[in-house]
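> quick one, what's the 3D model for this:
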Amino acid sequence: MSAEPATRDLTGVAFREVVDADVEQVVTLWEACGLTRPWNDPRLDIADARANPTSTVLVGVRGDEVVASAMVGYDGHRGWVYYLAVRPEDRGSGLGRAATRVAEGWLRERGVRKLRLMVRHGNEQVLGFYEGLGYTDSDCLVLGRDL
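As a prediction, this is how the structure comes out:
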């Protein structure tokens, strides 16, 4: 998978699907980015995404180090992106844009035509980033419950 050229040097960063050896680094990245919640087991989220043929976790790797991620999947109607993360010290480097484009490409390759992502209340500072990539408010309230 390749990403479009980013605004800064991404030399040495390659995007690919997560492998077993990446899981702990991915969880650490998500924790560093404030994406985990006590009621969601991130290891189970990764395992579930990997076990389903319509989803995966994509990672940006520099050497042996995971520096970015995006969980992607589709439900037959829409594609979804979760856990888009960039190592805090690499923010502003273009990795977020690259991870988004790789996630979009993964979905596009599977024929997905609509894409959604959720931004948690309290994480509104990321809205400008997504707006800069062409994302807009879908005027939709997402409801949920545990099963």
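> okay, the longest strand along the chain in PDB with CA atoms only?
Ranked by residue count and defined by DSSP state E, the top strand of the chain is strand 65-74. The C-alpha trace of strand 65-74 is given here as PDB (Å, rounded to 0.1, in the frame of the first residue of the first chain):
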ATOM      1  CA  GLU A  65       8.500   0.900  15.200                       C
ATOM      2  CA  VAL A  66       4.800   1.500  14.700                       C
ATOM      3  CA  VAL A  67       4.300   5.300  14.200                       C
ATOM      4  CA  ALA A  68       0.800   5.500  12.800                       C
ATOM      5  CA  SER A  69      -2.400   3.400  12.600                       C
ATOM      6  CA  ALA A  70      -5.900   3.200  11.200                       C
ATOM      7  CA  MET A  71      -8.500   0.500  11.800                       C
ATOM      8  CA  VAL A  72     -10.700   0.100   8.700                       C
ATOM      9  CA  GLY A  73     -13.800  -1.900   7.800                       C
ATOM     10  CA  TYR A  74     -17.000  -1.900   5.900                       C
END
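> pLDDT weak spots in the chain?
Across the chain, the ranges flagged by pLDDT under 70 are 1-11.
> how about the strands in it?
Using DSSP E, strands in the chain cover 13-17, 55-62, 65-74, 79-86, 115-117.
> so what strands line up beside the longest one?
This means strand 65-74. strand 55-62 (antiparallel), strand 79-86 (antiparallel) (DSSP bridges).
> contacts made by the last one with the rest, please.
I take that to be strand 79-86. 29-30, 32-33, 35, 42, 45, 57, 60, 67-74, 93, 95-96, 99-100, 103, 107, 110, 112, 114-118 (Cβ atoms under 8 Å, 6 or more residues apart in numbering). Just so you know, the C-beta spots here come from the backbone N, C-alpha and C atoms, and that holds for glycine as well.
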